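Novice: Kindly generate the corresponding structure for this input.
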Amino acid sequence: MSDPRPARVRVTGPPLRRHTPAARTGDIDEQTALGDVYLGSLLREQLALAARILGLLALTVGSLPALFHVFPELNDLDPLGLPLAWLLLGVLVYPWLVLLGLRFVRRAERNERDFALLLEVLDEDEP
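Specialist: Sure thing, here's the model as predicted:
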């Protein structure tokens, strides 16, 4: 009797993951109560991020007029041949705004990535 050999299988790496989080995104697309909870958590996090960035902007740039009012001797400083107020508000504010904008975009994208991962993890836990 001949020995039947099993079919040869080529193994090239771990099995590919063919899974999409359709069930949880379906809750969001269909606007179910559970989808509203998921989406609400993302929106709250994004709103809190925006509030923190705006608060930091108001604290730094918004307090400059008060700083010049409390310390009038700052009006007499002319670094680089420009009045200090012009230097701060006309030159140095813009790099600060760019840095705050970059920080906001990176954190918002991270929040969205975390949200997508959460949906995937929750979908995997479903039977």
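
Novice: Now do the same for residue 18: its pLDDT.
Specialist: We have a pLDDT of 54 for residue 18.

Novice: ok, now residue 23?
Specialist: You'll see residue 23 listed with a pLDDT of 51.

Novice: Then residue 48?
Specialist: pLDDT, read off for residue 48, is 97.

Novice: Now do the host helix or strand of it: which elements does it pack against?
Specialist: For residue 48, the element it lies in under DSSP states H and E is helix 33-60. Helices and strands touching helix 33-60, as assessed by 3 or more Cβ pairs under 8 Å, 6 or more residues apart in numbering; DSSP states H and E, comprise helix 22-29, helix 93-125. Every residue, glycine included, has its C-beta placed from N, CA and C.

Novice: Next, the angle from that helix to helix 93-125.
Specialist: Taking axes from the mean of the first three to the mean of the last three Cα atoms, to 10 degrees, one finds that helix 33-60 is oriented at 160 degrees with respect to helix 93-125.

Novice: Let me know whether residue 79 touches residue 86 as I believe.
Specialist: No: if you go by Cβ atoms under 8 Å, residue 79 and residue 86 don't touch, sitting 10.3 Å apart.

Novice: and after the helix holding residue 48, which helix or strand comes next?
Specialist: helix 64-70.

Novice: who's in contact with that next one?
Specialist: Helix 64-70 has contacts (Cβ atoms under 8 Å, 6 or more residues apart in numbering) with 74, 75, 85, 88, 89.

Novice: for stretch 84-98, same thing?
Specialist: With Cβ under 8 Å, 6+ apart, stretch 84-98 has contacts from 57, 60, 61, 64, 68, 74, 75, 77, 78, 79, 80, 82.

Novice: buried stuff in stretch 58-71?
Specialist: By neighbour count with 16 or more other Cβ atoms under 10 Å, stretch 58-71 contains the buried residues 61, 64, 68.
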